[in-house]
Structures are given as structure tokens and as C-alpha cells.
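[1] Dropping the sequence and predicted coords here.
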Amino acid sequence: MTQTLVLALDQGTTSTRAMAFRAPRLAPAAIARRDLPQHFPANGWVEHAPEDLFVDSVTVLREALAQAGGTARDVAGIGIANQRETTLVWRRDTGQPVHNAIVWQDRRTAAACAGLRAAGHEPLVTGRTGLLIDPYFCATKIAWLLDNVPGARADAEAGRLAFGTVDTWLLWRLTGGRVHATDATNASRTMLFDIVRGVWDPELLDLFRIPATLLPDVRDSAGPFGMVSADILGAEIPVLGIAGDQQAASVGQACFRPGMVKSTYGTGCFLLLNTGEAPVASRTRMLTTIACQLRGVRTYALEGAIFVAGAAVQWLRDGLGVIRDAAETGGLAAEADPGQSVYLVPAFTGLGAPHWDAEARGALFGLTRNTGPQELARAALESVAYQTRDLIEAMRADWSGAGNSDGTILRVDGGMVASDWTMQFLADMLGVPVDRPVVLETTALGAAYLAGLAAGVCPAPAEFATNWALQRRFEPHMDEASRSRRYAGWKDAVSRTVTRG
Ligand SMILES: Nc1ncnc2c1ncn2[C@@H]1O[C@H](COP(=O)(O)OP(=O)(O)O)[C@@H](O)[C@H]1O
Ligand SMILES: O=P(O)(O)OC[C@H](O)CO
């Protein structure tokens with residue numbers, strides 16, 4: 001039976017997944033997954049092994065294609081969605097990385113960022129890139145590698161090294177070192193890219209002391225990137241779509257109209273508000289970023305990044321040992337004592353939007369002798385909803401257009417949305433409905449759509465949007481007085497956690 005497949009790779013922070021979809025409606029046909037080993041070499045440092053990123057990607061691509069009963073000749077194209085900002089540098093001649101990948105959560109360049117802010121450089125960086133000077137983004141990570149890996153800066157200046165985000169590293173390896181490229185959404189996360197002119201910015205390269213010789217070619221999010229070598233999947237296959245995973249999820253959620261909002265609850269939480277073809281500057285320390293670039297036309301988003309969402313649940317499991325599996329948390333939260341007001345501010349790697357406090361660290365408030373796993377699980381799940389409300393309040397202040405046409409403000413996805421308890425509390429805390437789609441793997445779906453669009457096997461965005469299907473709508477039930485009281489408790493807890501006013 002001939003079939004047209006599109007493969008999608010979703011290389012995330014804690015796992016690598018591949019999916020096969022059947023064109024043109026991109027019905028899911030197969031999924032393969034591998035957990036990704038995390039490395040914490042020092043307090044606030046987070047690394048991944050570059051070879052794990054590549055080997056796991058090849059493994060899951062092969063498994064998904066086999067599960068779908070397809071061969072390489074059935075595949076119209078491959079889309080790649082990736083954890084963003086994670087930074088790699090490697091030798092152009094051998095492909096050998098000079099260091100482990102420095103992950104987006106890593107805080108090692110917090111002092112360098114503080115120095116750049118103190119020197120008054122943030123207005124230039126924000127005006128050109130839409131970002132704030134924070135260790136989250138690539139630029140200071142690249143500079144750290146060039147300054148701390150012996151010989152790296154000289155090699156970079158001589159043109160012997162290449163920089164890339166994870167998409168670029170995987171593209172380089174999958175094409176046998178023939179292609180050094182990225183897409184505009186990933187470039188927009190580096191602190192080096194002018195998001196209006198669509199070019200690497202020479203003034204920012206000078207500011208962060210980064211040689212232009214390191215930089216990849218920047219392309220549309222849908223279009224030809226290169227051919228995956230035949231030895232990977234049995235025959236050459238074109239990579240036709242690339243996007244940062246949060247932007248890919250926004251595509252997968254069909255958030256194509258200005259005002260539409262998606263929020264992904266994975267390791268972190270990332271909320272993107274589509275603002276259309278004009279970038280909206282934030283007054284509330286949201287990020288302005290590129291949502292997608294198709295045929296040279298950029299659409300933009302306001303983004304709120306929460307560094308710890310599902311990671312708080314992982315901490316309950318791996319740090320405290322109070323659960324064995326993430327799925328236990330919903331039941332525990334439901335049994336928690338309503339008379340206790342326990343708050344977890346999960347600033348394990350600092351606080352993201354709107355605080356941007358890299359020095360903040362996690363804190364628990366309201367503990368009593370009766371506090372147990374139930375109250376801790378509830379506090380971890382609630383913290384995700386409270387942080388989301390912080391973002392929504394900020395976005396509404398920045399741009400009055402937030403909110404989908406049908407009054408729902410959030411389309412949700414990511415591993416954490418499997419938790420009905422969390423989604424209900426989210427709707428209660430926001431006071432608006434929250435929509436969970438049938439296809440939860442929206443990141444992979446978005447990457448597949450970009451590739452399928454470029455391959456000519458998927459329809460235009462407006463028609464693709466008609467495929468979006470609701471699995472469940474969570475309606476708010478909490479009364480306003482309770483909502484306000486609970487949120488005030490959160491704001492008080494955060495005020496006692498931040499390290500700078
Ligand atoms: N039922 C659940 N309840 C609460 N958290 C969950 C549940 N299932 C998964 N998670 C959390 O979701 C995260 C995994 O989601 P995923 O989207 O795969 O993350 P990423 O893409 O960041 O690797 C983990 O941090 C996990 O703790
Ligand atoms: O890998 P995820 O899904 O946690 O996403 C990480 C983000 O891309 C970081 O900006």
C-alpha cells in the first residue's frame with residue numbers, strides 16, 4: 001500500500017521523540033521516544049551530551065518509520081522541532097563538539113549577563129532581538145565556551161568552528177556535515193539576531209565578542225534545508241521544516257491568527273501569543289520573538305517563559321522521592337488538606353518571565369507539621385497555574401488583542417496537560433476556559449506541518465487549521481473571592497523569593 005508520510009523529530013529537554021504522520025491531514029501513524037540523560041556538573045549548570053542528541057534522534061526516527069510500516073521512499077519530508085537556546089559549538093572539519101551542549105536552563109553566565117545589564121546594554125539588545133539579557137539565551141553561552149575551552153576562541157576566529165542550536169547540530173550530523181543552517185525562530189533566540197531586519201546583527205556580535213565565522217545560514221521555517229544521508233533511513237530524505245519547539249507547538253495548535261494563545265506545559269512552560277506580522281514591544285518583560293517565517297514573511301509573538309513547570313514534578317520524584325510517577329500527583333493533590341496554604345515557588349534555576357531573576361532559588365511557604373506529599377504535590381501543580389496567570393496578566397497589559405475568538409484564552413499541550421487536576425486548577429486560576437486538543441503531540445505535529453507544507457503534501461494554514469479538534473474544555477468553577485485570595489498568596493510568596501526588586 002503506497003502511503004505519503006511526513007516524519008517529525010521533537011528533540012526536547014528531557015526526551016527525544018519522533019512521529020510519523022499520514023499526509024495530507026497528518027493523522028498520527030507512529031511515535032517513538034527516548035529519555036535524554038541530564039547532566040548537572042555544578043550548581044545551576046545543565047548540560048546534554050551532543051552524541052546523545054544525535055544518536056537518540058536517529059534511533060527514534062528509525063523506530064517511528066518502521067512502526068508506520070513505511071520506508072524512506074514513502075516519506076515526503078522531515079520536520080525538526082527542538083529545545084531552543086541550548087548551545088553547541090563543534091569543529092567544522094571533524095564535527096567533534098568542543099564541549100557538552102549548554103542547556104537553556106543553565107545559569108553559568110548569570111554574572112556576565114548582570115555585568116552587561118549594569119553597563120546599560122539591555123536597551124540595544126532588546127530593541128534589536130526582542131529579548132532580555134539573560135543566561136537563558138545563546139550569546140553568553142557561546143562566549144563562555146570560547147573563553148573557557150582552550151584554543152576555542154582562536155579556532156573560531158580562524159573559521160574552524162561552527163555554532164548551532166540543537167536543530168543546527170542535528171541538521172549538520174543528519175546531512176553528514178554538509179549543511180550549517182537554522183531557521184528564523186531558532187535564530188531569534190540567540191540574542192544575536194535582528195528580528196525585524198532578519199539578519200545577524202554585527203553590533204551584537206561585537207558586544208558579545210562572537211566571531212561571525214561561527215554562525216549558521218538563517219532560512220524560512222518551511223523550505224529546503226538539506227538531504228538526510230541515505231545511511232540514516234535507507235534513502236536520502238529532505239529536511240523541509242525547522243522551528244523551535246514552542247513555535248512548532250503554536251503551529252501544531254493552529255494558532256495562525258493574531259490573538260491566539262498556546263501554552264505548552266513540559267519541563268518548562270512556554271506561552272506564545274500570536275501578534276501577527278508586526279512585532280509588539282513588551283513593557284512587562286515578556287519576550288518578543290519570531291513565531292514563524294514563511295516565504296520570507298515573519299510573524300511574531302509575545303512569549304512568556306516559565307523555567308520550571310513539569311520539572312517541579314520531576315523534583316518531587318527524583319529530588320524528594322515522594323512520588324514514583326508524575327501521574328500520581330493529580331490524585332495526591334485532590335487529597336490535600338484544604339485548610340493548608342502551602343506555596344512552592346519553583347525557582348530552581350531562577351525565575352523567568354516576568355521576573356527574570358537568575359539568582360532566585362526555589363522556596364516553600366506555609367509548611368506545618370501536617371504538611372505531607374499531598375500538599376507538596378498540590379503546591380507543585382498549582383505553581384504552574386499561578387505562573388501562567390502572571391504571564392497572562394502581563395500580556396494583557398502589553399497587547400489588548402490576547403484571546404481566541406471564541407473567548408477561550410489558552411490552547412494547551414505538553415506532557416503536563418495529561419493532568420486533569422492541573423488543567424482544572426489552571427482554568428479556575430485564570431477564570432477562563434482552557435482547551436486541550438485531541439492531538440497532544442502538537443510540537444511534532446507543527447514540525448510535520450511545516451515539512452508537509454514545503455513538500456506540497458499538506459494544505460495551506462487556513463485549511464490545516466480545520467483539522468484542530470477539541471478533546472476537552474476545562475471551564476472555571478472557582479468563585480472570584482477564592483481565586484483572588486489564592487493568587488494574592490502566590491504573589492506574596494514570590495515577593496519573598498525574588499532577589500532583586
Ligand atoms: N500526569 C502528569 N502530571 C503532572 N506532570 C506530568 C504528567 N505527565 C508528565 N508530566 C510532566 O511533564 C514533563 C514532560 O513533558 P514533555 O512535554 O515531554 O517535556 P519536554 O518536552 O520538556 O521534555 C515532565 O516534567 C513531567 O514531570
Ligand atoms: O524542551 P521543552 O519542551 O522543555 O522546551 C524548552 C524550550 O524550547 C526552551 O526555550
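    Okay, I see it. Residues are numbered from 1 along each chain as shown. Ligands and ions are numbered 1, 2, ... in the order given.

[2] Now do the same for the residue of the stretch 301-450 of the chain found nearest ligand 2: helix, strand or coil?
    Per C-beta to the nearest ligand atom, residue 305 is where the stretch 301-450 of the chain lies closest to ligand 2, at 6.0 Å. Yep, even glycine has a C-beta here, placed from its N, CA and C like the rest. Per DSSP: H, G, I helix; E, B strand; the rest coil, the secondary structure class of residue 305 is strand.

[3] Please apply the same query to residue 289.
    Under three-state DSSP, residue 289 falls in the strand class.

[4] coming back round to it: now do the residue of the stretch 301-450 of the chain closest to ligand 2 against residue 400, distance only.
    According to C-beta to C-beta, to the nearest Å, residue 305 and residue 400 sit 22 Å apart.

[5] Same drill for the two, tell me which one is more crowded.
    residue 305 (23 against 9; other C-beta atoms under 10 Å).

[6] In the sheet, which residues pair with that one? Tell me.
    residue 270 (DSSP bridges).

[7] can I assume the residue of the stretch 301-450 of the chain closest to ligand 2 is in contact with residue 350?
    No. Using C-beta atoms under 8 Å, residue 305 is not in contact with residue 350, being 11.0 Å away.

[8] Helices of the stretch 351-500 of the chain, residue ranges please.
    373-398, 420-430, 442-455, 461-464, 480-495 (DSSP state H, counting those that start in this stretch).

[9] which residues sit in contact with residue 417?
    265, 423, 436, 440 (C-beta atoms under 8 Å, 6 or more residues apart in numbering).

[10] If we use 10 Å, what do you get?
    263-266, 310, 411, 423, 426, 434, 436-437, 440, 442, 471-472, 474 (C-beta atoms under 10 Å, 6 or more residues apart in numbering).

[11] Any quick PyMOL command for the buried ones out of those?
    Here is the PyMOL selection string for the buried members of the contacts of residue 417, based on 16 or more other C-beta atoms under 10 Å:
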select buried, resi 263+264+265+266+310+411+423+426+434+436+437+440+442+474
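
[12] Which ones among the contacts of residue 417 map onto strands?
    Using DSSP state E, the members of the contacts of residue 417 that fall in strands are 263-265, 411, 434, 436-437, 471-472, 474.

[13] would you turn those into a markdown table with distance to ligand 1 and pLDDT?
    Converted to a markdown table, the ones in strands among the contacts of residue 417 look like this (distance: C-beta to the nearest ligand atom, whole Å; pLDDT from 0 to 100):
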| residue | distance to ligand 1 | pLDDT |
| --- | --- | --- |
| 263 | 12 | 95 |
| 264 | 7 | 93 |
| 265 | 7 | 93 |
| 411 | 15 | 94 |
| 434 | 15 | 94 |
| 436 | 12 | 95 |
| 437 | 14 | 94 |
| 471 | 15 | 95 |
| 472 | 14 | 96 |
| 474 | 14 | 95 |
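
[14] Give the burial count for residue 230, as a bare number.
    12.

[15] Could you double-check that the residue of the stretch 301-450 of the chain closest to ligand 2 sits in contact with residue 391?
    Yes. Assessed by C-beta atoms under 10 Å, residue 305 is found in contact with residue 391 at 8.6 Å.

[16] list residues touching both of the two?
    269-271, 286, 352-353.

[17] Quick check on those residues: which are buried?
    269-271, 286, 352-353.

[18] JSON lines for the residues you listed, including pLDDT and distance to ligand 2?
    Written out in JSON lines, the entries for these read as follows (pLDDT from 0 to 100; distance: C-beta to the nearest ligand atom, whole Å):
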{"residue": "269", "pLDDT": "91", "distance to ligand 2": "9"}
{"residue": "270", "pLDDT": "93", "distance to ligand 2": "6"}
{"residue": "271", "pLDDT": "94", "distance to ligand 2": "12"}
{"residue": "286", "pLDDT": "91", "distance to ligand 2": "14"}
{"residue": "352", "pLDDT": "80", "distance to ligand 2": "9"}
{"residue": "353", "pLDDT": "77", "distance to ligand 2": "11"}
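
[19] Name the nearest of the residues you listed relative to residue 12.
    residue 270 (11.3 Å; C-beta to C-beta).

[20] Surely the closest one touches residue 248?
    No. In this structure, residue 270 is not within contact of residue 248 by C-beta under 10 Å, at 11.0 Å.

[21] Can you pull the residues that touch both of those two?
    Joint contacts of residue 270 and residue 248 (C-beta under 10 Å, 6+ apart) are residue 264.

[22] Show me the domain layout of the protein.
    Listed domain ranges for the chain are 5-246, 254-437+469-501 (source: automatic domain parsing).

[23] ok now the last one, how far from the chain's centre?
    When you say that, I think you mean domain 254-437+469-501. Computed by C-alpha atoms, centre = their mean, to the nearest Å, the chain-centroid distance of domain 254-437+469-501 equals 14 Å.

[24] ok, now stretch 246-262?
    For stretch 246-262, the distance to the chain centre is 13 Å (C-alpha atoms, centre = their mean).

[25] Wasn't residue 10 part of a strand?
    Yes. Per three-state DSSP, residue 10 lies within a strand segment.

[26] before we move on, back to that, list residues touching both of residue 305 and residue 350?
    Contacts common to residue 305 and residue 350, judged by C-beta under 10 Å, 6+ apart, are 134, 136, 356.

[27] Relative to ligand 1, which of those residues is nearest.
    The closest of the shared contacts of residue 305 and residue 350, once distances to ligand 1 are taken by C-beta to the nearest ligand atom, is residue 136, at 14.6 Å.
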